[in-house]
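*Asks:* okay, here's the prediction I keep looking at, along with the sequence it came from:
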Amino acid sequence: MHSWRSDWAQPQRSRQWVVRRWGRIGIVGLCAALELGGCKSREPAVDPARQQSLRSQYRMEPRVPLPLPQLMALARRDSTAADRQCDLAGALFMTGQYAAAISAYERVVRADTTNVRAAYNLGRAYARTGQYAQAIRQWQRTVALAPDFADAHFQLGVAYAQKAPTALDQPANLSYADLDQAIKHCSRAVELDPGNAIFHHNLGRALQLRHESSRAAAAYRRAIQLDSSLVDAHRFLGEICLEQGDLAHAEAAFAAVVRLDASNAEGYYQLGKVLEKRGDVGKAIAAYERAVALRPQYRDAHYSLAKLYPRAGRPAEAERAQQQFEALAREDPVQEAKNRVQRLPNGVVERRALAVAYAEAGQYEAAIEQFRIALALAQHSKPQMAAIQHDLGLVHDRRGDLQAAVSAFQEAVAMAPDTARFWLHFGQACAKAGQDSLAAAAFVRAAALRPGWIQAQYELGMLLVKAQQPDSAQAVFLRVLAAEPAHVGARFGLSLTYIDQGRDEEAAVELERVLAADPRFARARQLLDMVRQRLETTTPEFE
């Protein structure tokens, strides 16, 4: 998981297009593409000649390509010539002398407040140095003077989206005013230059951050139609599809990511998640393994492999993956998560990750507080709120507050009634809290949503044993064992039903099988000793 900021202004294309995803290009990373005539499109703009003319008119590069010393001499000779001052400022900017470039542009703006070229590029210089408030003021001036200049609207939209509160552990400012401005100006840029794929992509990012997933997906799809090499557009579209449960389109999107960028570890990991959800364990493992090969410190990928290897009959590899995951988890994940929140305090994903990091470190109160902040930030996205309520339930459960856990899981299933995993954990919490009827209903619902899901069937069977319904429980356990004969828990549960039915010989057989699979299963050994003792002391009855 990473901040959306690094992917904002200049989305990654395939490797043939040299732009690297992980470089923190920032707002002005788009400049090169824009000044070369913008993103090449497959459809004509509303007025392509007009936009090209404006880009040429307001460009940063000197109109006459001269060495910097000569440009400085010309500017000194005629300090009132705005174009020469702008040429000098552009040359200074392009050689990394941003403070000097700002000073040069400011001289022009002070002398002529209507100079669009100076105002626009002064905004870019401010943005390059992280002074977004000043950049916004200059771009506001630019769009007021040149309302049809698409690039200025685009830069202004990105700058609004870059703004974020600085508080780390306090609830973020929940006002969406800046984000609404970002959407407004990115939308205007798209209207003025609808053939620009990057404009569509960045409109999608603003909409996605605003939790307007459907509109964001449409923007990403349009960007991909215009330029299919935009790796990040495929990736973010895949994330939305995965969140919405559209696994087919999510798989297609992430497959495009790794096809375009074979070194994209995140793409392989997300592809693995989709394949895992679709039940294709072998392909999911292959995707996770590729993610780990590309990024050996990829903790989540190691964890996913540790979960899936046993299902593929690879226990030794599962153990190694688990050990690697635990080793990486000890490398202060809380601080790493804090750093991400510091970069994006309003990010729901970042807040949730910080909460999870606190929970994994046993700091439950801090985790609960961060989950509550994440809930407030996600108030316009029911799927995100449901996922956070689910995570909050897990934390309450872990700390032993069963009623709070039940309440949180109940909120989660109310908001996402078709998510089987939420129903399973709701049922487990209810069972621990002694609310057996609610637990049974939850397990039945989970099993109905995911037919053949072993875990839900097993939990229901154990609850039926507890409710002293051995016949019903036995039928459940037999179904589980038919699907997964090595399921130790189901075999132990089956032995319990035989004991309740007085079928001690069959119970002994099942308990022996349990212990053969898991010799350290103390409860199974105790019950086997008890059953054997009963069998040895049983005397025949006489009529």
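*Replies:* Here it is on my side, so go on. Residues are numbered from 1 along each chain as shown.

*Asks:* separation between residue 536 and residue 508?
*Replies:* 11 Å (C-beta to C-beta, to the nearest Å). Bear in mind the C-beta positions are built from the backbone N, C-alpha and C, glycine included.

*Asks:* those two - which one has more neighbours?
*Replies:* When neighbours are counted by other C-beta atoms under 10 Å, residue 536 and residue 508 differ, and residue 508 comes out ahead with 20 against 7.

*Asks:* for the more buried one, which non-adjacent residue is closest in space?
*Replies:* Excluding its sequence neighbours, the residue lying closest to residue 508 (C-beta to C-beta, 6 or more residues apart in numbering) is residue 531, at 4.8 Å.

*Asks:* part of a strand, is the one you found?
*Replies:* No: according to DSSP: H, G, I helix; E, B strand; the rest coil, the state of residue 531 is helix, so it is not within a strand.

*Asks:* check contacts around it.
*Replies:* Neighbouring residues of residue 531 by C-beta atoms under 8 Å, 6 or more residues apart in numbering: 499, 504, 507, 508, 511.

*Asks:* count the neighbours of the third one for me.
*Replies:* In terms of burial, residue 507 registers 25 neighbours under the definition other C-beta under 10 Å.

*Asks:* just the one 4 residues further on next, same as before
*Replies:* Burial of residue 511, expressed as a neighbour count using other C-beta under 10 Å, amounts to 29.

*Asks:* now swap in residue 224 and tell me
*Replies:* Neighbours of residue 224 (other C-beta under 10 Å): 20.

*Asks:* ramachandran angles for it?
*Replies:* Note on residue 224: its backbone torsions stand at phi -70, psi -40 [degrees, to the nearest 10].

*Asks:* same check on residue 230?
*Replies:* Here residue 230 shows phi and psi, under degrees, to the nearest 10, equal to phi -80, psi 90.

*Asks:* wait, it touches residue 222, no?
*Replies:* No: Residue 230 lies out of contact with residue 222 (C-beta atoms under 8 Å); the separation is 10.7 Å.

*Asks:* where does residue 143 sit: helix, strand or coil?
*Replies:* helix.

*Asks:* what about it, distance to residue 189?
*Replies:* Taking C-beta to C-beta, one finds residue 143 at 10 Å from residue 189.

*Asks:* determine how far stretch 240-254 lies from the middle of the whole chain.
*Replies:* On the basis of C-alpha atoms, centre = their mean, to the nearest Å, stretch 240-254 sits 13 Å off its chain's mean C-alpha point.

*Asks:* buried set for that stretch?
*Replies:* Residues of stretch 240-254 classed as buried: 240, 241, 242, 246, 249, 250, 251, 253, 254 (neighbour count, 16 or more other C-beta atoms under 10 Å).

*Asks:* export it as PDB, just CAs?
*Replies:* Extracted in PDB, the C-alpha atoms of stretch 240-254 (Å, rounded to 0.1, in the frame of the first residue of the first chain):
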ATOM      1  CA  ILE A 240     -12.300  -0.200  -7.800                       C
ATOM      2  CA  CYS A 241     -13.500  -3.400  -9.500                       C
ATOM      3  CA  LEU A 242     -12.100  -5.500  -6.700                       C
ATOM      4  CA  GLU A 243     -13.700  -3.300  -4.100                       C
ATOM      5  CA  GLN A 244     -17.000  -3.600  -5.900                       C
ATOM      6  CA  GLY A 245     -16.700  -7.400  -6.200                       C
ATOM      7  CA  ASP A 246     -16.400  -7.300 -10.000                       C
ATOM      8  CA  LEU A 247     -13.700 -10.000 -10.100                       C
ATOM      9  CA  ALA A 248     -13.700 -10.600 -13.900                       C
ATOM     10  CA  HIS A 249     -12.900  -6.900 -14.700                       C
ATOM     11  CA  ALA A 250     -10.500  -6.700 -11.800                       C
ATOM     12  CA  GLU A 251      -8.600  -9.600 -13.100                       C
ATOM     13  CA  ALA A 252      -8.400  -8.100 -16.600                       C
ATOM     14  CA  ALA A 253      -7.200  -4.800 -15.200                       C
ATOM     15  CA  PHE A 254      -4.400  -6.300 -13.100                       C
END
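
*Asks:* so for it, mean pLDDT?
*Replies:* Confidence over stretch 240-254, taken as the mean pLDDT, stands at 91.

*Asks:* next: stretch 461-470.
*Replies:* Stretch 461-470 comes out at a mean pLDDT of 91.

*Asks:* if you count neighbours, what's buried in that stretch?
*Replies:* So for stretch 461-470, counting by 16+ other C-beta under 10 Å, buried means 461, 462, 463, 464, 465, 469, 470.

*Asks:* export the strand or helix carrying the third one as CSV, just CAs?
*Replies:* Meaning residue 463. Using DSSP states H and E, residue 463 sits within helix 454-466. The C-alpha trace of helix 454-466 is given here as CSV (Å, rounded to 0.1, in the frame of the first residue of the first chain):
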residue,chain,number,x,y,z
ILE,A,454,-15.4,-25.2,4.6
GLN,A,455,-14.9,-22.8,7.4
ALA,A,456,-18.5,-21.6,7.6
GLN,A,457,-19.7,-25.2,7.5
TYR,A,458,-17.3,-26.3,10.2
GLU,A,459,-18.3,-23.4,12.5
LEU,A,460,-21.9,-24.2,12.1
GLY,A,461,-21.2,-27.8,12.9
MET,A,462,-19.4,-27.0,16.2
LEU,A,463,-22.3,-24.7,17.1
LEU,A,464,-24.7,-27.5,16.6
VAL,A,465,-22.6,-29.8,18.8
LYS,A,466,-22.7,-27.1,21.5
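
*Asks:* contacts for that helix, please.
*Replies:* 420, 423-424, 427-428, 431, 436, 439-440, 443-444, 446-447, 450, 470, 472-473, 476-477, 479-480, 483-484, 487, 489-490, 493, 496-497, 500.

*Asks:* can you check stretch 373-392 too?
*Replies:* By C-beta under 8 Å, 6+ apart, the surrounding residues in contact with stretch 373-392 are 171-172, 174, 210-211, 213, 243-244, 346-348, 351-352, 355-356, 359, 368, 371-372, 408-409, 411-413, 415-416, 419, 421-422, 425.

*Asks:* please repeat the previous calculation with a cut-off of 7 Å.
*Replies:* In this structure, residues lying in contact with stretch 373-392 by C-beta atoms under 7 Å, 6 or more residues apart in numbering are 171-172, 174, 211, 243, 346, 348, 351-352, 355-356, 368, 371, 408-409, 411-412, 415-416, 419, 422, 425.

*Asks:* hmm, which of these are the buried ones?
*Replies:* For these, buried by 16+ other C-beta under 10 Å: 171-172, 211, 346, 348, 351-352, 355-356, 368, 371, 408-409, 411-412, 415-416, 419, 422, 425.

*Asks:* can you tell me which of these are in strands?
*Replies:* The strands, defined by DSSP state E, take in nothing from the buried ones among the contacts of stretch 373-392.

*Asks:* which helices and strands does the helix or strand hosting residue 125 pack with?
*Replies:* Per DSSP H and E: residue 125 is located in helix 116-128. If you count contacts as 3 or more C-beta pairs under 7 Å, 6 or more residues apart in numbering; DSSP states H and E, helix 116-128 packs onto helix 82-94, helix 98-111, helix 132-145, helix 150-162.

*Asks:* what sits up against the third one?
*Replies:* Put plainly, it is helix 132-145. Helix 132-145 is contacted by residues 114, 116, 119-120, 122-123, 126-127, 149, 152-153, 155-156, 159-160, 162-163 when judged by C-beta under 7 Å, 6+ apart.
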